[in-house]
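>>> here is a sequence with its predicted model. Questions after.
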Number of protein chains: 2
Amino acid sequence: MSTGIFDIDPWAVSVRGLDPARVRLVESVMATGNGHMGMRGNFEEGYSGDSHLGTYLAGVWFPDRTRVGWWKNGYPHYFGKVVNAVNFAAVRIAVDGVPVDLATVPCSDFEMRLDMRAGVLTREFRCRVAGVTLRLRFERFLSVVTPELSFQRVEIDVLEGEGVLEVTPLLDGDVHNLDSNYGEQFWAPDPTWGVGASALTFQTVPNPFGTPRFTVTAAMEASLSGLDETSRWRDEWSVGTTWSGPVAPGSAVVLHKTVAVVTSRDREPDVHLATTARLLGDAALQDHSAHRAAQAAAWAERWQLADVEILGDEPAQQGIRFTIFQLLSTYYGEDERLNIGPKGFTGEKYGGATYWDTEAFLFPMYMSIAEPEVAQSLLRYRHRQLPQARHNAAQQGLPGALYPMVTFDGVECHNEWEITFEEIHRNGAIAYAIRHYTEHTGDRSYLEGEGIEVLVEIARFWAGRVHRSSSTGAFMIHGVTGPNEYENNVSNNWYTNYLARWVLRFTSATLSELSDQRRAELAVPLEERERWTEIANEMYLPYDERLGVHVQHDTFLDKALAPVDAIPEGDRPINQHWSWDRILRSCYIKQADVLQGLYLFADDFSQEQISRDFDFYEPMTVHESSLSASLHAVLASSLGRHEKAMELYRRSARLDLDNYNQDTEDGLHITSMSGSWLAIVQGFGGMRVGADGLRFAPFCPQGWQGFGFSVRYRGRVISVQVGPESTEYRLVEGDAVEIRVDADVVRLAVDSVVRHRNVS
Amino acid sequence: MSTGIFDIDPWAVSVRGLDPARVRLVESVMATGNGHMGMRGNFEEGYSGDSHLGTYLAGVWFPDRTRVGWWKNGYPHYFGKVVNAVNFAAVRIAVDGVPVDLATVPCSDFEMRLDMRAGVLTREFRCRVAGVTLRLRFERFLSVVTPELSFQRVEIDVLEGEGVLEVTPLLDGDVHNLDSNYGEQFWAPDPTWGVGASALTFQTVPNPFGTPRFTVTAAMEASLSGLDETSRWRDEWSVGTTWSGPVAPGSAVVLHKTVAVVTSRDREPDVHLATTARLLGDAALQDHSAHRAAQAAAWAERWQLADVEILGDEPAQQGIRFTIFQLLSTYYGEDERLNIGPKGFTGEKYGGATYWDTEAFLFPMYMSIAEPEVAQSLLRYRHRQLPQARHNAAQQGLPGALYPMVTFDGVECHNEWEITFEEIHRNGAIAYAIRHYTEHTGDRSYLEGEGIEVLVEIARFWAGRVHRSSSTGAFMIHGVTGPNEYENNVSNNWYTNYLARWVLRFTSATLSELSDQRRAELAVPLEERERWTEIANEMYLPYDERLGVHVQHDTFLDKALAPVDAIPEGDRPINQHWSWDRILRSCYIKQADVLQGLYLFADDFSQEQISRDFDFYEPMTVHESSLSASLHAVLASSLGRHEKAMELYRRSARLDLDNYNQDTEDGLHITSMSGSWLAIVQGFGGMRVGADGLRFAPFCPQGWQGFGFSVRYRGRVISVQVGPESTEYRLVEGDAVEIRVDADVVRLAVDSVVRHRNVS
């Protein structure tokens, strides 16, 4: 069974047959990563057809030139990009000098398979090259045990014909960013390379922006049976070893290639060669199958906490596992200097490493499926970048801290003013994540330590960013872009104003609860807190009494309002068919805006209010952000609209696997990967965590036999199995606890199962 | 007497002494042009110090790549730029191989002088090169008699020392645009060059945007007395002739260099060489002094109509003449395919050739100071580009025609969305110029011919661009940028809405007045006109009853309103000191916005209303557009606020000569050049032309003894001499006419002078 492109399998993604038109798409979906590095599913032997060769190293970036035409004060000076780095998986294969290249030689029985349970990518095919028929099998994985290591195995069997087979594992540094604005090469070979080992060192070229340069060293250890080693060679950009010899039917060649990749983020360049030698030496103590088993074991451990099981819907099962797999391949919290880029290690589009997506959409999932340290790393990432966030605010002439829309190092590097310094609601989401962490873990130490330092600076920003209206005297926030990026530069975006008010109040309340000593350290003057209170109390929050809805922004109701159904056939997605002018003036909403606020602050509003707002805004929402539908699915679930919830869930469930947006070839939508998890766990499972504890309100979607997931909560692991009629709750780990299920209070004790009838 | 940089002289601009820090500024101010071509005041012999070498040919442009980062549907694909073209004024001079280069050899008695009456630029200095002291005198002018010709004369006298003097007049095509986004060379030498003559042909390199390539040929004729010709040489990018020989004190050399420059805009490339040979041959029939005399005579003719005389204020006198001189050097209406670029021939900044500045600020001046054909050429330029304007509207998914913000060929090429498809009020100004022309000339033939075709398409655009508000039912215009570019993407900009309404009504009224036949040709359906009427009648025009003012746009009054005086010391101009975020959110206005509407439609409003709006908005206006102050001076004059008017006039009077904005080094503010004329003639002179005829309401500013100007009006020339107490009106040419002066009707007959006492 297949929805078209990839085979359906609960634990694997595979594709049979090679379609040259889909190579880029397959490369994206077959991407692998281990937090430290990652690569697209590029073919080891090279592919001269349409392809996107991409290897990326976490935290290694380059500030690309971006200035053309008009530039104004406060615009960022560069656009930070992940650097396409040394292609360390390359293995050139040739027969009688003719390369194995699936763009030019015929192949059959092609199959590529990503084993999500074990974290291993395999590929096999037959091909005929220079009169010789070969069967090739490739296996590779990036170690989640030792993230600086990559392991590969290549088997070549000769089926027919005779010739000279040549196999060349190599490291190839002559790679370019597809998205370089000026077509520049971001790397330069390091002149100190080449002392003996099969290693290469590269450094990012100098930049005029004062951002750090990175040095990267890749070193290779290769062994091959079945051919003779004929040369070890190197040139400016690459290094490799060649084995060759005559082959005939029955000849079999097996190559093992291990690569260590280290960067100046972690190791001083002068120890790179020694470090890679040690890493490769240690790795050589075990054979390939042992490393493979360790990889599978490490992934099994991750899955134990993170897996979501869906009964009776294999495509959905595959979809949710794929998103969890790719997300955990991108980030598992080991390094608090890192964050989760929009394409992870699967592409270059959108540049940058860090978006507000992290706090708004990914944070809740990491809170539930991983140790608290993983989510805390994401919070600490922002705390580390507080100086840069202050810099961003100062760039706009504002006090406090403005966290960036897009960044690597905390300095804003997105180049659209309407986003950069207008889509400032992100600054609230970053504060919200601190509250979320505190409520979810029940641990106030982060909040009272680093957290309050971040909160104070964000509160200061908001207090500086508001103004008193000359006409009404209320505090207002002009010139913002809300979560709905299909409008720009609006005034009094309800979501932004509400969030800003919450930040001011929450920060002030938190300060009140601190010890005297800690409060003294922070030294926030009383007048400043009084000012925050004044602003919060007099903040303007647009509301339309006639319609009984929160108003998206000041002039939204003056638009020509119409439902999405009124959009002419063939005009969707509107961002591909309409001019930006038409989109901006239309009422159509890219992603939840008012509803984003109701999602975050559900407890502040009645069900009736949420229902009215949902009915007003959802019909005008085109969900053209991959982040939109899942959040609406959560809200629809909470309103008891199960069919609507399922309809919305389906839009994010297999976004990349089914290439819904026709752009997966550029890379996966990594920061949307939590979407189906949110829809299932927060939506169908009705899970919420608040100051008052953990709640569920589950239902089993039509057509499913059930679904199950685990949640980490205040030192516990709770497993939830939702069935069509009832739900089982089991405390797998930790102390007994009371939770709420629908309107009831339920007590969970260790290893006892509590069954509760679903309300709907 | 000097205000600092240039000597004060009523008919010349001169500078004494060479200040290396001001070479670029001097080059801008000393620019010369003749409508066909122009160049900055670059030194003929070359200058290796900080300098901006620039030669530009009217209508010759290149579509520069501009896309980086995010680009959305409807954004222009390229940014059109004037191409820095062959440096044809170059004359290399060396002694014993050491070049005369004022950046490296000492000089004295440096003086450069732009004779505005005759249109001639001269420069002289002494310098010591390789032990030889020379006195050099350069003279050059671009012919306004035969605009494809340039004339130069160089005199070199040896004062001390002996050596070998070498003089090389040349054409140098290896020039680059300073503003090229990707540092690209826009020219390629034409491989067919070099058949005998001292000529060079270049072609703009191919572009991927389908815009035309240009071929340019420059040919040189040079003669020199005092040295022997030693070589005629050429290479890929240049061609020249070298004279050399030993010189001693008393040696004198005189060089005459004539250059013809033709382009593929006017002549097919295959006749370029024959054409330049003929032009040079014809020119050789007269000597340099005869050509110089013809140049002076042609300028005298222009001055007769265009001059503004100011008594008792020499800096002001010099200032107004400088702006008129530079404007007429840029454009004199000979070629309706051309328009008036923001820097004319004096620089590259801002790219593009045509801005709405033409219709809004320059058109009224050309209407008054030149034959009607000159202004009509500007109208016909827009009519020619109607297909491209339709293309621009279609790019946004809109009907009718949207004239571009910036263009060469009619296709929009500015790359900021908030300007490109939001600053659409320009589309009204272009319609307004047609009415203005009709009222000023009294001739309806243009209106009823090409004019109505343009009006209909602009009306269609507005009818498609409005929408009915879901909340009030009124027609609204969302998502615009008004003339105040310090706000973007606002809703219901009063000026834009008012102008749109006027276009719909004026177009409909004009259609009613046409002959049946003409109306049938245009075939505008009745329902369409009824729709226009409906929109016009139900257009929302924001007005605040409490304040009694027109409201700039929907949320303007919710800003924190404060006068310009409240801006901290040292923060002005705010566009250099504040972030764009802060500027957008502030109440500060870059240039007239509501007041722009009151200026255009003064007769629609009471003096009290204009006065209230002026008092409300002017104090919040920073006048950081070079177009702003003069218009406010006109309004202040009309309100009888003479001191305020004079204060505002002073800001534009000597903008470039005194380098007020510290950016004249990039080129002159050509499209602002009408500012002081408008302030003097429409402001102090109170001249207005309406359907009801010509009016004056003059006063003599404090400190002036008087001022005089001439106006073309409906086939007449009327000279106006304003004195402290009274004003003399004289009909210089044309039939007797009644005009209004203040509240009186005055009849002017040929050659009789009417004196009228100034009201204030």
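That came in fine, so what should we check first?
>>> where along the stretch 601-750 of chain A do the helices fall?
Counting by DSSP state H, counting those that start in this stretch, the stretch 601-750 of chain A has helices at residues A:607-617, A:628-638, A:642-653, A:675-677.
>>> including mean neighbour count, could the ones you listed go into a markdown table?
In short, each C-beta sits where N, CA and C put it, glycine included. Output for the helices of the stretch 601-750 of chain A, formatted as a markdown table (neighbours: other CB atoms under 10 Å in any protein chain shown):
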| stretch | mean neighbour count |
| --- | --- |
| helix A:607-617 | 17 |
| helix A:628-638 | 27 |
| helix A:642-653 | 21 |
| helix A:675-677 | 28 |
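>>> of these, which is nearest chain B?
helix A:607-617 (11.5 Å; CB to the nearest CB).
>>> got the contact list for A:Val261?
In this structure, A:Val261 makes contact with A:36-37, A:57, A:86, A:88, A:148, A:150, A:216-218, A:276, judged by CB atoms under 8 Å, 6 or more residues apart in numbering or on different chains.
>>> which bits of the stretch 301-450 of chain A sit near chain B?
A:395-398, A:415-418, A:421-422 (CB under 8 Å from any CB of the partner chain).
>>> okay, now A:Val745: neighbour count?
Neighbourhood size, A:Val745 [other CB atoms under 10 Å in any protein chain shown]: 9.
>>> which non-adjacent residue is nearest it?
In space, and not counting its chain neighbours, A:Val745 is closest to A:Glu738: 5.5 Å by CB to CB, 6 or more residues apart in numbering or on different chains.
>>> write down the beta-bridge partners of that neighbour, one by one.
With DSSP bridges as the criterion, A:Glu738 is bridged to A:Arg747.
>>> okay, the helices of the stretch 601-750 of chain A in a markdown table with distance to chain B and mean pLDDT next?
A markdown table is the format used below for the helices of the stretch 601-750 of chain A (distance: least, CB to the nearest CB, whole Å; pLDDT from 0 to 100):
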| stretch | distance to chain B | mean pLDDT |
| --- | --- | --- |
| helix A:607-617 | 12 | 98 |
| helix A:628-638 | 18 | 96 |
| helix A:642-653 | 22 | 92 |
| helix A:675-677 | 22 | 94 |
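>>> please name whichever of the ones you listed is nearest to B:Gln576.
Nearest to B:Gln576, of all these, is helix A:628-638, at 40.1 Å by CB to CB.
>>> show me what contacts A:Glu665?
A:22, A:24-25, A:27-28, A:52, A:659.
>>> with neighbour count, distance to A:Phe325 and secondary structure added, can I get those in JSON lines?
Formatted as JSON lines, the contacts of A:Glu665 follow (neighbours: other CB atoms under 10 Å in any protein chain shown; distance: CB to CB, whole Å; DSSP: H, G, I helix; E, B strand; the rest coil):
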{"residue": "A:Arg22", "neighbour count": "17", "distance to A:Phe325": "20", "secondary structure": "helix"}
{"residue": "A:Arg24", "neighbour count": "21", "distance to A:Phe325": "20", "secondary structure": "helix"}
{"residue": "A:Leu25", "neighbour count": "22", "distance to A:Phe325": "17", "secondary structure": "helix"}
{"residue": "A:Glu27", "neighbour count": "25", "distance to A:Phe325": "16", "secondary structure": "helix"}
{"residue": "A:Ser28", "neighbour count": "25", "distance to A:Phe325": "14", "secondary structure": "helix"}
{"residue": "A:His52", "neighbour count": "20", "distance to A:Phe325": "20", "secondary structure": "coil"}
{"residue": "A:Asn659", "neighbour count": "19", "distance to A:Phe325": "17", "secondary structure": "coil"}
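>>> for the residue sitting furthest away from the middle of chain A, which non-adjacent residue is spatially closest?
Ranked by distance from the centre of chain A (CA atoms, centre = their mean), the top residue is A:Glu162, with 47.7 Å. Leaving out its chain neighbours, the residue that sits closest to A:Glu162 by CB to CB, 6+ apart is A:Ala248, at 4.7 Å.
>>> which ones are touching A:Gly173?
Shown in contact with A:Gly173 (CB under 8 Å, 6+ apart): A:85-87, A:187, A:189, A:200, A:202, A:218, A:237-238.
>>> just the strands in the stretch 651-760 of chain A please.
A:688-690, A:693-696, A:706-713, A:716-722, A:726-733, A:737-741, A:744-748, A:753-757 (DSSP state E, counting those that start in this stretch).
>>> other SSEs contacting the fifth one?
Taking 3 or more CB pairs under 8 Å, 6 or more residues apart in numbering or on different chains; DSSP states H and E as contact, the helices and strands that strand A:726-733 lies on are strand A:716-722, strand A:737-741, strand A:744-748, strand A:753-757.
>>> can we see that at 7 Å?
strand A:716-722, strand A:744-748, strand A:753-757 (3 or more CB pairs under 7 Å, 6 or more residues apart in numbering or on different chains; DSSP states H and E).
>>> and that strand, what's buried?
Residues A:727, A:729-732 are the ones in strand A:726-733 that count as buried (16 or more other CB atoms under 10 Å in any protein chain shown).
>>> what would these look like in CSV with pLDDT and distance to B:Tyr331?
Shown next, in CSV, are the buried residues of strand A:726-733 (pLDDT from 0 to 100; distance: CB to CB, whole Å):
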residue, pLDDT, distance to B:Tyr331
A:Thr727, 98, 79
A:Tyr729, 98, 81
A:Arg730, 96, 84
A:Leu731, 96, 84
A:Val732, 94, 82
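>>> pick the one among those closest to chain B.
A:Thr727 (43.2 Å).
>>> now for the closest one: which residues touch it?
Contacts for A:Thr727 (CB atoms under 7 Å, 6 or more residues apart in numbering or on different chains) come out as A:698, A:720-721, A:756, A:758.
>>> who does it form a beta bridge with?
Beta-bridge partners of A:Thr727, as defined by DSSP bridges: A:Val722, A:His756.
>>> ok and the residue in the stretch 151-300 of chain A nearest chain B?
Residue of the stretch 151-300 of chain A nearest chain B, by CB to the nearest CB: A:Asn181 (4.3 Å).
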